[in-house]
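Q: quick one, structure for this:
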Amino acid sequence: MLKKLAELFAAPLQREQSPWDQAAVALCVVMLEAARADSHFREEERTHILEVLREKLELSKGDAEALLEEAIQVRDDSTDFWQFTRAINEACTPEEKIRIMEDVWRIIFADGMLDAHEDHLAHKLRALLNLDHPTFIRAKMKVLEEIRGK
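A: Have a look, this model is predicted:
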């Protein structure tokens, strides 16, 4: 029985036939989670996620859209969030994780508001990505300054 439980928890993030590695799916899921935190997945949030995927992963528009659709399915089929942040922690440098946190803040602030659920998710991500609080606040302030400068 313990062996079956261990196998269940060691299951891969995505289906075997997926062309995406775990880190790519995980990155997309984290951004998707930020977009959905306030129970609304707006077009500007979707657009931002696609832009990040195209830039960070050097994907075509079609590939970015395919990855997003797969991430939606993978997240909807998953029961925990930790597996995705673990994949990011294993694949990314601290600097890359800071940039991911900045992108999460950009998605959260895409509608111009900070919902309590979004704030909670951001703090949860900070801990799961092993970012210290000052780094987390600097990422948030950087994004707020960008928004104010527009």
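Q: distance between the strand or helix carrying residue 34 and the chain's centre?
A: Assigning secondary structure by DSSP states H and E places residue 34 in helix 22-36. Between the centre of helix 22-36 and the centre of its chain there are 3 Å (Cα atoms, centre = their mean, to the nearest Å).
Q: buried sites along that helix?
A: For helix 22-36, a neighbour-count test (16 or more other Cβ atoms under 10 Å) marks 22-36 as buried. C-betas here are computed from N, CA, C, even on glycine.
Q: ditto for stretch 104-114
A: The neighbour-count check on stretch 104-114 (16+ other Cβ under 10 Å) flags 104, 105, 106, 107, 108, 109, 110 as buried.
Q: now swap in stretch 62-81 and tell me
A: Under the neighbour-count criterion of 16+ other Cβ under 10 Å, stretch 62-81 has 63, 64, 65, 66, 67, 68, 70, 71, 74, 75, 81 buried.
Q: any chance you could list what contacts that stretch?
A: 13-14, 18, 20, 24-25, 28-29, 32-33, 46, 49-50, 53-54, 57, 59, 84, 124, 128 (Cβ atoms under 8 Å, 6 or more residues apart in numbering).
Q: give me that answer again for 7 Å
A: 13-14, 18, 20, 24-25, 28-29, 32-33, 49-50, 53-54, 59 (Cβ atoms under 7 Å, 6 or more residues apart in numbering).
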